[in-house]
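1. A structural model of the following input is requested.
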Amino acid sequence: MTATSRPYDPTSKTDAMDSTDATGTTDPTRTTDPAESTMPRRTADDLRATARAALERARRRTLALTDCLDEEELGAQHSRLMSPLVWDLAHIGNQEEIWLVRAAGGQDAIRPDLDPLYDAFQHPRADRPALPLLPPEPARRYVAAVRERSFAVLEDAPFGPGEDPLLADGFVFGMLAQHEQQHDETMLATHQLRRGPAVLHAPPPDPAPADAGDLPSEVRIPGGPFVMGTDDEPWALDNERPAHPVDVPDFWLDTVPVSNRAYQAFIAAGGYEDARWWSPAGWSHRVQAGLHAPLFWRRADDPDAVEGGWLRRRFGVVEPVPLDEPVLHVCWYEADAYARWAGRRLPTEAEWEKAARHDPATGRSRRYPWGDAEPTTELANLGQRHLQPAPVGSYPAGASPHGARQLIGDVWEWTASDFEPHPGFTAFPYKEYSEVFFGPDYKVLRGGAFGVDPVACRGTFRNWDYPIRRQIFAGFRTARDAAPGGAADGTADNPAEARD
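-> Numbering: from 1, shown residues only. The predicted structure is shown next:
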């Protein structure tokens, strides 16, 4: 039983990818290292307007993801991997109260009794349904009261570079907008896991552009140093900092993410039954978990009636798997096995970032593959405008200088790298955001997915998760070393002919 659906409209009041969030063009008066992407200093009024727009957009999305379900479904745990949606709702407000109202604004606590209840480190997700959580209506009133205080703080907050680091350049407002949008993406994943009729609706992406079928299978990324990370992105989180040089040898990278068509070739070739393609840990997990296809896929009752023979469940709708979309809902072990089968490998995190940010003409590291300008609807599939990835080869205007497409948006991309700090890392404002997760237990994902808001997606943004996770909106693309004298036309000796 669902409540009246209120579909999320990212274009209401402020477009989800509107230039009101732009941080401007490069300021030639800055004296930053020319290899780094430079950011201009914005006025306090500009920062206030940008912060308000980001917070308002996040709240519209939060309410759209929760108002479409009744009280029972909001309090239910749709998967032990996820919190009840009503926990996420109140947690968003609690973190905003702690960091924006109290820490940055210096105001008295509104509900200090809620702090331990909504502390993510005190209560694992599987245990949260048993907590005395705020019911939906009190939770809505609480987050609204916190937001009222937050906007009062915003009106008078000093944003100068010499201010408290929480307030400088409006950082704490950007941090909380990103935090809310990250939980909105988590809630979107919960919607995908829930059973029942569809309550979320969005138009499909445009068909693939005319040149998508003519793209080379891979692009060559020239070797040499580039600047990884950032010092001047004002709302960058601690794990994106500091900027530092990294030398990356020549390599080849898939022009587009691996498609469902290509992944079905891996399945048809017995990829899930052949231990040769799996790491020992991956094979053990595949057997134990009974993996045989991406999450949410099942064989069609009549394979002859469905091209490819597979169906998927997507936000309450069962449909044929679109062959030209990037594969979605695969874990790191599956991505790694596919890459081995294809005679390739996953790119390292540094390789991915160089492909996405390095401009060979200037030596600079851009904010995005296309340059420094904020994302628009012509550049990337972000902001939950669609409830699925766009076909591979989409968004030619968002391509990198090397020709790789869809590095930002559509699907998170698994990399080969463990989640580790950049050299010179400093935790800020709390070690539980990044520091406690560093190590070999987590793999890095880059690029963002269709459900990621632009405020939480840029060329330096880092995501991470366990290599077994499949409920996240993750896919991948593959890479290979540039062998001396290798082909320069993007072709490779590859058993997966259908991978493009």
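
2. Let me see the ranges of the strands in the stretch 351-500 of the chain.
-> Along the stretch 351-500 of the chain, counting by DSSP state E, counting those that start in this stretch, strands occupy 412-419, 439-446, 463-465, 474-475, 479-481.

3. Pick the most buried one from those.
-> Highest mean neighbour count of the strands of the stretch 351-500 of the chain: strand 474-475, a mean of 28 (counted as mean count of other C-beta atoms under 10 Å). Heads up, the C-betas are built off the backbone N, CA and C, glycines and all.

4. Any chance you could list what contacts that one?
-> With contact meaning C-beta atoms under 8 Å, 6 or more residues apart in numbering, strand 474-475 is reached by 257-258, 326-331, 335, 389, 410-414, 445, 449, 465.

5. can you do 7 Å?
-> Residues outside strand 474-475 that contact it (C-beta atoms under 7 Å, 6 or more residues apart in numbering) are Pro257, Val258, Pro326, Val327, Leu328, Val330, Val411, Trp412, Glu413, Trp414, Leu445.

6. State the phi and psi torsions of the third one.
-> The reference is to Pro326. Backbone geometry at Pro326, expressed as degrees, to the nearest 10, gives phi -60, psi 140.

7. show me the residues around it that make contact.
-> Contacts of Pro326 (C-beta under 7 Å, 6+ apart): Pro257, Val258, Ser259, Pro389, Val392, Asp410, Val411, Gly475.

8. and the spatially closest residue to it that is not a sequence neighbour, how many residues sit next to it?
-> Taking C-beta to C-beta, 6 or more residues apart in numbering, and ignoring the residues beside it in sequence, Pro326 has Pro257 as its nearest neighbour in space, at 3.8 Å. When neighbours are defined as other C-beta atoms under 10 Å, Pro257 has 26 of them.

9. Am I right that Lys354 is in contact with Asp247?
-> No: when contacts are counted by C-beta atoms under 7 Å, Lys354 is not listed as touching Asp247 (9.8 Å).

10. Neighbour count for the two, which is higher?
-> Lys354 (27 against 10).

11. OK, contacts around that one?
-> By C-beta under 7 Å, 6+ apart, the neighbours of Lys354 are Ile221, Phe226, Val248.

12. now with 8 Å?
-> By C-beta under 8 Å, 6+ apart, the contact set of Lys354 is Ile221, Phe226, Met228, Val246, Val248.

13. How about Gln388?
-> Gln388 makes contact with Pro204, Pro205, Arg314, Pro322, Glu325, Leu328, Phe450, according to C-beta under 8 Å, 6+ apart.

14. if I look at the second one, how far off is Ala189?
-> Translated: Pro205. Using C-beta to C-beta, to the nearest Å, one gets 19 Å for the distance from Pro205 to Ala189.

15. Which member of the contacts of Pro326 is positioned nearest Gly383?
-> Closest approach to Gly383 among the contacts of Pro326 (C-beta to C-beta): Asp410, at 11.9 Å.

16. isn't the closest one right next to Gly451, touching?
-> No: counting by C-beta atoms under 8 Å, Asp410 does not reach Gly451; the two are 10.1 Å apart.

17. Could you check which of these two is surrounded by more residues?
-> Remark: of Asp410 and Gly451, Asp410 carries more neighbours, 32 against 28, as counted by other C-beta under 10 Å.

18. Please give me every residue in contact with the more buried one.
-> Asp410 is in contact with Pro257, Pro326, Ala380, Asn381, Pro389, Ala390, Ser394, Gly447, Ala449, Phe450, Gly475, counting by C-beta under 8 Å, 6+ apart.

19. For the spatially most central residue of the chain, give me its contacts.
-> For the chain, Gly448 is the residue whose C-alpha lies nearest the centre (C-alpha atoms, centre = their mean; 2.9 Å). Neighbouring residues of Gly448 by C-beta under 8 Å, 6+ apart: Ala380, Leu382, Ile408, Gly409, Trp412, Ala456, Cys457, Phe461, Asn463.

20. what does Ala54 give?
-> Asp21, Phe173, Gly174, Ala177, Val455.

21. The second one: how many residues sit nearby?
-> Read it as Phe173. Considering only other C-beta under 10 Å, Phe173 is surrounded by 29 other residues.

22. Likewise for the fourth one?
-> For Ala177, the count of nearby residues is 27 (other C-beta under 10 Å).

23. where's it, which helix or strand?
-> Assigned by DSSP states H and E, Ala177 falls within helix 171-193.

24. Now do that helix: distance to the chain's middle.
-> Chain-centre distance of helix 171-193: 10 Å, with C-alpha atoms, centre = their mean, to the nearest Å.

25. same for it, what does it pack against?
-> helix 44-67, helix 85-96, helix 136-156 (3 or more C-beta pairs under 8 Å, 6 or more residues apart in numbering; DSSP states H and E).

26. Let me know which of those is tucked in deepest.
-> By mean count of other C-beta under 10 Å, the helices and strands packed on helix 171-193 have helix 85-96 as the most buried, with a mean of 25.

27. quick one: average confidence on it?
-> Average pLDDT, helix 85-96: 98.

28. Same check on stretch 423-437?
-> Here the average pLDDT along stretch 423-437 is 96.

29. One more: stretch 325-343?
-> Across stretch 325-343, the average pLDDT comes to 98.

30. Can you list the buried residues in that stretch?
-> Buried positions in stretch 325-343, judged by neighbour count with 16 or more other C-beta atoms under 10 Å: 325-342.

31. For the contacts of Ala54, work out which two are farthest apart.
-> Of all pairs drawn from the contacts of Ala54, the greatest distance, 12.0 Å, lies between Asp21 and Phe173 (C-beta to C-beta).

32. okay, and for the stretch 151-300 of the chain, where does confidence drop off?
-> Across the stretch 151-300 of the chain, nothing is flagged by pLDDT under 70.

33. Check the stretch 1-150 of the chain too.
-> Counting by pLDDT under 70, the stretch 1-150 of the chain contains low-confidence residues at 1-40.

34. Repeat the analysis, applying 80 as the threshold.
-> Low-confidence segments of the stretch 1-150 of the chain, defined by pLDDT under 80: 1-41.

35. ok, Leu176 to Trp464 distance?
-> 20 Å.

36. the helices in this structure, which residues?
-> For the chain, the helices defined by DSSP state H occupy 44-67, 71-75, 85-96, 136-156, 171-193, 260-268, 280-289, 332-341, 349-357.

37. Can you lay out those as a markdown table showing distance to Ala126?
-> Converted to a markdown table, the helices of the chain look like this (distance: least, C-beta to C-beta, whole Å):
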| stretch | distance to Ala126 |
| --- | --- |
| helix 44-67 | 21 |
| helix 71-75 | 15 |
| helix 85-96 | 12 |
| helix 136-156 | 20 |
| helix 171-193 | 14 |
| helix 260-268 | 30 |
| helix 280-289 | 17 |
| helix 332-341 | 22 |
| helix 349-357 | 29 |
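
38. which stretch among the ones you listed comes nearest Ala103?
-> Closest of these to Ala103 is helix 171-193, at 7.4 Å (criterion: C-beta to C-beta).

39. The closest one versus helix 136-156: what angle between them?
-> Orientation note: helix 171-193 sits at an angle of 150 degrees relative to helix 136-156 (axes from the mean of the first three to the mean of the last three C-alpha atoms, to 10 degrees).
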